[in-house]
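**Student:** Pasting the sequence and the predicted model now:
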Amino acid sequence: MLLAVLSGFLLAIVVPLLHRVAGKYIGWLLALLPASLVAYFSTFLSQVQGGPLLLEYQWLPGLGISLNFLVDGLSLTFALLISGIGTFILIYAGSYLAGHKYLARFFVIMLAFMASMLGLVLSDNLITLFVFWELTSITSYMLIGFNHEDLEARKCALQGLFVTVAGGMALMAGLILLTIMTGSYSISAILASGDPIHQHAFYTAAVLCLLAGAFTKSAQVPFHFWLPNAMAAPTPVSAFLHSATMVKAGIYLMARLNPALGEGEFWSMMLMGFGAATMLTGAWFAFSSTGIKKVLAYSTVMALGTLTMLIGVGTELAMTAFICFLIAHSLYKGALFMLAGALDHETGTKDISRMGGLRKAMPVTATIAVFAALSLAGLPPLFGFIAKELMLESLLDAPLWSNLLVMAAVASAILIVGVAGLVAIKPFFGTPGDTPKTPHEAPFGMLIGPAVLTIIALAFGLMPFLPENALLKAAVASVYGAPVDFHLALWHGINAPLLLSAVSLIVGLLLFRAWPRIQPTLNAINYAGSRVGPEAGYFKIMEWITVVASWQTRMLQNGVLGIYMLVLVAVTFGLAGYTMLDKYGVHFTLNLADSHFYEWGIALLLVASAVFASSTHSRLGSVASMGVLGFGVALTFILFSAPDLGITQLLVETLTVILLVLVLFKLPEFVNLSTPFQRYRDLAVSVFAGITITLMMLAVLDIQYFETISTYYVENSAPLAYGRNIVNVILVDFRALDTLGEIFVLSLAALGVLSMLKLKAEDQHKP
Amino acid sequence: MESLMAYVVGIMFTAAFYMMLRRSIVKLVIGLMMLSNAANLLIFVVAGMTRGAPPLIPDGASGPVGIVADPLPQALILTAIVIAFGVLAFAVVLIRRAYEVVGTDDLDQMKDTDT
């Protein structure tokens, strides 16, 4: 299993090599991987009937971290969809992007994306799930922005990334809250524990965070705008993103956690409310758009809303409908997107209103499109019909808001029938349109995927017991949290859902007939709405971020050294001072009895020279008093048992004064550059820092935490190092390497000084 | 003596920071010198100050006689003094060079990269 999940990444590494070998058959070659993954995952079909399967791999056994994979009905459904549709997408892409300059690069990202998606749906650990979740965001960003020379594509890719990654942040918080509530990182353990999570104090917060992640990823209102923009990607990407991956990740997460979180009413209300709103929004925009990819993209939004809503309803029937709708949608959406790409590829336009009568030129495409669209519209004998009937039935006896949900579902069903007409009737029938290219049939590689997916949808529709027994029962059980007994059939007799379907079909077809006349009006409404919609909000936020960023840069990175220093000193001593105040307190102690009068003299000398050096207006006075300060320090060293320090200090101080006098007197006189306010501000900060240092020194002198570590040096100086000046022995023997480093530093400084003195300023005046 | 020196070192730090916050680059360097002196003194003071007992071992003995001053902080400070001198020499030459090139000693006028 580990190999199966990671194989996409591994293969991605060698794609550029394979591309050289395989040439234009690269798509077919690479498709072997997902195809064999389908076969591999199929071997689990019989095992998941008995319940979830946990495959464990030790990752960091010392830390108790293992890489576990959870295979149950739900994750297996997703894994099969991802690898199955992935197979055809790869074949299709090899044909669609044939001869593209960056074909190899495309397949690298695509395989990595597919592997991330597989990892996401199969992970048992919440952290690994999150890692794969973010990986899908990043890889899809690269896929959407694949045409990176196109400004629009880059913008759309960035939008998708921002929205999904912002949601990812919330998701991480939600997963952490979930772990705090359940005490486990393992999904299977969380699902099996049966704890009443919905009574926990964090429940609402966790649900909000998790849903923020899922809703952004799965393009629920109000985050739906990024998905249609993601069509900037090459069509194979859109087909994959919309049908089985990426946007389904959020759906997967909600379905996965539903048994654990679904008992709370808050969860169902959130999901039903947002799901229904998304369903209607998607259906509306799908029907009012003209670009064929845009129409399909919005119909995906509709489907995602429906799926979310069904999870929210949460009954056994709703969960059955959820799984069926999920599979049906993946099949027809994958097929339709690939066909849309074929249309675009062969006619040169994406605009539906310019297409017409293409069935003569593209008979195979037309046939497949009609069948796929039947599934989209939810008409027999396709699997989409079964899914839609189940959905209506489950909404009719939903425990909450039943009437509202049914009305919303019928309204969107009407619009979707119209959409299906737009996709399958408008381009292929009626009067021939005016297309930039002379249309001809798409190549085999671009048709096989849609054909197979549609045939599967047809087979599932005619023989629903096939998927039912193989997978659906296990899948529904893992979403519902308990085994569910159901029986799928194409014909249920004449009942309420069938009547609702009939009504929506008739009204939908009428709407479709009226589409050429009402579309401009719809478009105008949408245009007016776009100024206040969530996408406008997104752009407002983006603008605001730029404004804040430039303001912040101006404030913090202003290039004025004084401000940097001020902030550094204030923050450092503010924090240190606060910690000391908190842990130790403020104790001004002063012991006057233990000092001799001449030591007082030195102390006063030090203070006076420091104050004078920093307040005088004369450069010479300042430098001279610095000399006094240095000699005062040397005197202190000598008086308090440090003769070596004293000697060194004297030498260095003499050299320093000479150096300053020699060099600094080539610089201008002191002038007052700062305002009084600046001076008082700097003085206040400096005094604060000085007081903090004094307090810290007093605190250090007051408490001794450790014994001195010098004992070793004192005891071993003579016996081991044969030296009687212990300070010197430490420097040249015990810590000789440090001293060597010091010598290097000095040599480097000397080299720097030398080179700067040698490089005279005259080279500045050369042109 | 240590408590008295704590106040002295605090005042030296105050003066050093104040000078380093000035806009004149010469004052910055003077502040830097004062800062290194203050820091050396800080280490010296908090390690404890002992009068008239340098860490030396008399001829023929294997260890010092009686209690002597702690040699370790002295070794650290000795290194610090020398390094500080290296840094100062470099800084002084650098600002001289900067003044030659830029023509000002006002740090606020040196904030653009293209001067």
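**Tutor:** Cool, the structure landed. Numbering: from 1, shown residues only, chains lettered A, B, ... in the order given.
**Student:** show me the contacts for the residue located most distally from the centre of chain B.
**Tutor:** If you look at how far each residue of chain B sits from its centre, by C-alpha atoms, centre = their mean, the farthest one is residue B:60, at 36.4 Å. Counting by C-beta atoms under 8 Å, 6 or more residues apart in numbering or on different chains, residue B:60 makes contact with nothing. Glycine gets a C-beta too; all of them are placed from N, C-alpha and C.
**Student:** Quick check: which element contains residue A:55?
**Tutor:** According to DSSP states H and E, residue A:55 maps onto strand A:53-60.
**Student:** Next one: the nearest residue to residue A:382 once chain neighbours are set aside, what pLDDT does it get?
**Tutor:** Nearest non-adjacent residue to residue A:382, counting by C-beta to C-beta, 6 or more residues apart in numbering or on different chains: residue A:375, 3.8 Å away. With respect to pLDDT, residue A:375 scores 90.
**Student:** Residue A:375 falls within a helix, correct?
**Tutor:** Yes: counting by DSSP: H, G, I helix; E, B strand; the rest coil, residue A:375 falls inside a helix.
**Student:** Where does pLDDT dip in the chain?
**Tutor:** All of this is about chain A. Along chain A, segments meeting pLDDT under 70 span A:64-65, A:760-767.
**Student:** My question was about chain B, not that one.
**Tutor:** Scanning chain B for pLDDT under 70 picks out the ranges B:111-115.
**Student:** Show me what counts as buried in the longest helix along chain B.
**Tutor:** In chain B, taking DSSP state H as the definition, the longest helix is helix B:71-102. Within helix B:71-102, the residues scored as buried using 16 or more other C-beta atoms under 10 Å in any protein chain shown are B:71-93, B:95-99, B:102.
**Student:** And residue A:157, how far from chain B?
**Tutor:** To chain B, residue A:157 is 33 Å away according to C-beta to the nearest C-beta, to the nearest Å.
**Student:** is any part of the longest helix of chain B close to chain A?
**Tutor:** Yes: applying C-beta under 8 Å from any C-beta of the partner chain, one finds helix B:71-102 touching chain A at B:71-72, B:74-75, B:77-79, B:81-90, B:92-97, B:99-101.
**Student:** tell me which element the most centrally placed residue in chain B falls in.
**Tutor:** Taking C-alpha atoms, centre = their mean, the centroid of chain B lies closest to residue B:36, which sits 1.6 Å from it. Assessed by DSSP H and E, residue B:36 sits inside helix B:25-46.
**Student:** That helix vs helix B:71-102, what angle?
**Tutor:** Taking axes from the mean of the first three to the mean of the last three C-alpha atoms, to 10 degrees, one finds that helix B:25-46 is oriented at 180 degrees with respect to helix B:71-102.
**Student:** From the chain's centroid, how far away is helix B:25-46?
**Tutor:** Between the centre of helix B:25-46 and the centre of its host chain there is 4 Å, according to C-alpha atoms, centre = their mean, to the nearest Å.
**Student:** residues touching the closest residue to residue A:99 other than its chain neighbours, list them.
**Tutor:** Using C-beta to C-beta, 6+ apart and skipping the chain neighbours, the partner closest in space to residue A:99 is residue A:24 (7.5 Å). Applying C-beta under 8 Å, 6+ apart, we find residue A:24 in contact with A:94, A:98-99.
**Student:** do the same with residue A:246
**Tutor:** If you count contacts by C-beta under 8 Å, 6+ apart, residue A:246 has them with A:113, A:117, A:136, A:140, A:217, A:240.
**Student:** could those go into TSV alongside secondary structure?
**Tutor:** Putting the contacts of residue A:246 into TSV (three-state DSSP) gives the following:
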residue	secondary structure
A:113	helix
A:117	helix
A:136	helix
A:140	helix
A:217	helix
A:240	helix
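**Student:** Show me which pair in the residues you listed is furthest apart.
**Tutor:** Maximum pairwise distance in the contacts of residue A:246, criterion C-beta to C-beta, is 14.9 Å, between A:217 and A:240.
**Student:** So for those two, which sits in the more crowded spot?
**Tutor:** Higher neighbour count among residue A:217 and residue A:240: residue A:217, with 32 against 29, using other C-beta atoms under 10 Å in any protein chain shown.
**Student:** roughly how far apart are the residue nearest to that one when sequence neighbours are not counted and residue A:745?
**Tutor:** Once flanking residues are discounted, residue A:217 sits nearest to residue A:250: 3.6 Å by C-beta to C-beta, 6+ apart. The gap separating residue A:250 from residue A:745 is 57 Å, by C-beta to C-beta, to the nearest Å.
**Student:** Done for today, thanks.
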